[in-house]
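Student: Just need the structure, nothing else, for what follows:
(2 chains)
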Amino acid sequence: MNIIRSTFGALLAGSLLASASVAAEGAQAGKKVIFLGADDICEYCAVYNDQIRKLAAEKGIDLEVVTNKFDPAQQATQVDQAIAKRPDAILLWTIDGTALFPAMRKVQRADIPLLLTDVQPDKAREDLWVQYTGGNYEEQGSKSAQLLINALEAKGKPLEGGVIMITGIVGQAQTISMTKGFTETLADLAPNLEILGAQPGNWDTGTSTQAAAGLFTKYGDEIVGVYAAEDIMMQGVLIAAERAGLDPTEMAMVGGGCEPVGIKNIKAGLQYGTVLQSPVDEATYAVQSIVDLFNGAEMSKSVYVPHPMVTAENVDEVCQPWPTN
Amino acid sequence: MSAATLSRTSGFGGLFAPARVQATVIQIATVVMFLAACAFIENFASASNISSILYAASTVGIAAVGLASVTISGNLFALSLGSTAAFASIVYIAASGWGVLPALAASVALGLVFGLLQGLVVGWLRCNAIISTIAAGSLIAGLATWVSDGRTVLAEGGPSWLGSGTLIPGVPWQAVLFLLIVIVGEVLMQRTRAGWELRLRGTNPDAAELAGLRVTRMVVLSYVLAGAGAAIAGALIAAQSGTGNLRVGADLDFSAIAAMLVGGVAIGGGRGRIIDVASGTLFLAVLTNILLVNNFAYEVQLMVKGLAVLVAVTAGALLARKKR
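Tutor: Purely as a prediction, here's the structure:
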């Protein structure tokens, strides 16, 4: 049995290597691309950065990865430095969609193709970039609202009462879009569910714990559901609920991202659901965007990664573990 | 601290002497704010909300107590607290299979080592304190990223008694640990030779050196304490959530500095007590909680907290001028 497994494994690895070398023969092979992304300090970013390095190498792309600690000013400087190196293309994960517009204009003036990933700035300025690939945050927020309604129905509860939100960092493009998608869909589908309050959790468990604790103190039993924009923030909500003596299984708890801690909480029954956003998908789409650019493929302005809704029923099927090095 | 200052600070009247008035005002303001919130804000005095305040205060407060030894010794701030806390959170969770206390000890050991190294660089090699600790912070963050591969480490079985246990309803074990650290820190700073030497080094470094005090050793000690404080804070945050990652302690540097300065510790060194750090921490924790419980917009919270720090620091500067 072990011999069969080894032989099968060797054949699989061989075929993958072969397909990689075939793919590396495209027009993208040998092209110099600078990726300006986010630092490994964020787990999602760390997985994304690992994946894009691996996938770009498979396609023969000469990818230089430059990261920063979520500092738009530093990223603007990094854009200047990247332009000076005259790469064949720049792939940009904008730390701040709005603040980086002047930097994007410089890339356009330098006649370097600009591709965007993960953060989609205001579409009104989409003449500045060739293509955006990544998450559709408004859709994610909308699906989170749908999941919250599904959760209440699954628990046999009426679609009425209070909901609180724990959002990402105030002012970020993805926070604005997720909040818009969630609030608009909730108002459409369940007008008797009222959003009582919202506080930023800053994509951090500790901050989310404090934020949720404050809202639980103020609204307590009025709350029937909680939307946290990311699973690590939902972890903070669950801690706050436990301290407040609230039973999370009696509420509609919805996170986002299919992150390891979210998978754990869904399986434990503490969190009803999440919405997939995979760093592996995003990196794969970004590399495909580079390949399409150099191979003259038709490029639409926006290509979104899939965002299926996830509950205990399909968590193992949809939420694949994030790869490790 | 001169003998005259010491005599002024003893007794009830000493509470409002120029050197103590900021700390006293903050302590009174904390109590008044807390009582008013209990009276006028629904559910504010509930056990769960009190424990929420204490959880927030404990982690920031322990880091601030450690940091205070650096500031009081005249070296401004250590700006590596956040990255030390992040690394310690990862170590705590990774070692949590051994039990709570061994995991805590492993985290503290990490903080002691990083603190010792920074202390040697600043105290022995006489490098600039701010630049050295910024560099150390970057180095520690890089090491933590390398060790963790940037991933969140999850504890088997979720939060432990250290993360969610309470002595009595509303008083978590983390708050008990904070109280013990404040008492030990206060005694160390006010009642021991090392504490005197630390404060005198902060008041006048040249005079302390000429007087033959153990200046280098005290500076090294202050960074060791700061490293340990940050590491304990990181371990406690990790214990609460059952997760360790590089985001832990992202705001710890600013929060600890704010708590310390609001409490009445002088930026220039020499003045301030550990109990002042505790009251500054509680003041900000209660204020933050009031803003959250009333669901104030985030920008309002930022403005109010920023204003509180600004007023406290300005008052401190004015009082220091009056003292001269």
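Student: From now on I want contacts and neighbour counts done on CA atoms only, so please keep to that.
Tutor: Noted.
Student: contacting residues for the residue of chain B most remote from its centre?
Tutor: For chain B, the residue at maximal distance from the C-alpha centroid (CA atoms, centre = their mean) is residue B:210, at 30.5 Å. Applying CA atoms under 8 Å, 6 or more residues apart in numbering or on different chains to residue B:210 gives no contacts.
Student: From chain B, how far out is residue A:70?
Tutor: According to CA to the nearest CA, to the nearest Å, residue A:70 stands 12 Å off from chain B.
Student: repeat for residue A:260
Tutor: For residue A:260, the distance to chain B (CA to the nearest CA) stands at 8 Å.
Student: Look at that residue and say how many residues are nearby.
Tutor: Applying other CA atoms under 10 Å in any protein chain shown, we find 19 residues neighbouring residue A:260.
Student: same check, this time on residue A:97
Tutor: Applying other CA under 10 Å, we find 18 residues neighbouring residue A:97.
Student: Over to it: give its phi and psi.
Tutor: When quoted as degrees, to the nearest 10, the phi and psi of residue A:97 stand at phi -50, psi -40.
Student: Could you find the closest non-adjacent residue to it?
Tutor: Nearest-residue entry for residue A:97: residue A:121, 4.5 Å, with adjacent residues in sequence omitted and distances by CA to CA, 6 or more residues apart in numbering or on different chains.
Student: a helix runs through the one you found, doesn't it?
Tutor: No - under DSSP: H, G, I helix; E, B strand; the rest coil, residue A:121 falls outside any helix and is assigned coil.
Student: shaky segments in the chain?
Tutor: The chain I'm using is chain A. A:1-24, A:325 (pLDDT under 70).
Student: meant chain B, my bad for not saying
Tutor: Low-confidence segments of chain B, defined by pLDDT under 70: B:1-13, B:158-159, B:320-324.
Student: Sketch out the helices for it, chain order is fine.
Tutor: B:3-9, B:21-40, B:47-72, B:81-94, B:100-119, B:129-148, B:161-164, B:173-191, B:193-203, B:205-210, B:215-241, B:252-263, B:274-293, B:298-323 (DSSP state H).
Student: Determine which stretch of those helices is the most buried.
Tutor: Counting by mean count of other CA atoms under 10 Å in any protein chain shown, helix B:81-94 has the highest mean neighbour count of the helices of chain B, with a mean of 32.
Student: That helix packs against which elements?
Tutor: Here helix B:81-94 touches helix B:100-119, helix B:129-148, strand B:153-154, helix B:215-241, strand B:243-244, helix B:252-263, going by 3 or more CA pairs under 8 Å, 6 or more residues apart in numbering or on different chains; DSSP states H and E.
Student: Out of those, which is closest to residue B:79?
Tutor: Residue B:79 lies closest, by CA to CA, to one member of those: helix B:129-148, at 5.2 Å.
Student: what about that closest one, distance to the chain center?
Tutor: 19 Å (CA atoms, centre = their mean, to the nearest Å).
Student: Could you dump the helices of chain B into JSON lines with distance to residue A:141 added?
Tutor: Formatted as JSON lines, the helices of chain B follow (distance: least, CA to CA, whole Å):
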{"stretch": "helix B:3-9", "distance to residue A:141": "57"}
{"stretch": "helix B:21-40", "distance to residue A:141": "35"}
{"stretch": "helix B:47-72", "distance to residue A:141": "28"}
{"stretch": "helix B:81-94", "distance to residue A:141": "30"}
{"stretch": "helix B:100-119", "distance to residue A:141": "38"}
{"stretch": "helix B:129-148", "distance to residue A:141": "30"}
{"stretch": "helix B:161-164", "distance to residue A:141": "31"}
{"stretch": "helix B:173-191", "distance to residue A:141": "36"}
{"stretch": "helix B:193-203", "distance to residue A:141": "53"}
{"stretch": "helix B:205-210", "distance to residue A:141": "57"}
{"stretch": "helix B:215-241", "distance to residue A:141": "25"}
{"stretch": "helix B:252-263", "distance to residue A:141": "30"}
{"stretch": "helix B:274-293", "distance to residue A:141": "23"}
{"stretch": "helix B:298-323", "distance to residue A:141": "20"}
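Student: Nearest to residue A:279, out of these?
Tutor: Among the helices of chain B, the nearest to residue A:279 by CA to CA is helix B:129-148 (17.4 Å).
Student: Show me which residues of the stretch 151-300 of chain A sit near chain B.
Tutor: A:170, A:197-200, A:204-206, A:210-211, A:213-215, A:217-218, A:235-236, A:239-240, A:243-245, A:261 (CA under 8 Å from any CA of the partner chain).
Student: Show the buried residues in those.
Tutor: Among those, the ones that count as buried by 16 or more other CA atoms under 10 Å in any protein chain shown are A:197-200, A:204-206, A:210-211, A:213-215, A:217-218, A:235-236, A:239-240, A:243-244, A:261.
Student: Looking at the helices of chain B, which is nearest to residue A:126?
Tutor: Between residue A:126 and the helices of chain B, the shortest gap by CA to CA is with helix B:298-323, which sits at 29.5 Å.
Student: the inter-axis angle of that closest one versus helix B:274-293?
Tutor: Angle, helix B:298-323 to helix B:274-293, by axes from the mean of the first three to the mean of the last three CA atoms, to 10 degrees: 150 degrees.
Student: Which elements pack onto helix B:298-323?
Tutor: When contacts are defined as 3+ CA pairs under 8 Å, 6+ apart, helix B:298-323 sits against helix B:21-40, helix B:252-263, helix B:274-293.
Student: got a markdown table for the ones you listed, with distance to residue A:80 too?
Tutor: Listed next are the helices and strands packed on helix B:298-323 as a markdown table, based on distance: least, CA to CA, whole Å:
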| stretch | distance to residue A:80 |
| --- | --- |
| helix B:21-40 | 47 |
| helix B:252-263 | 30 |
| helix B:274-293 | 40 |
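Student: nearest to chain A, of those helices?
Tutor: helix B:274-293 (4.3 Å; CA to the nearest CA).
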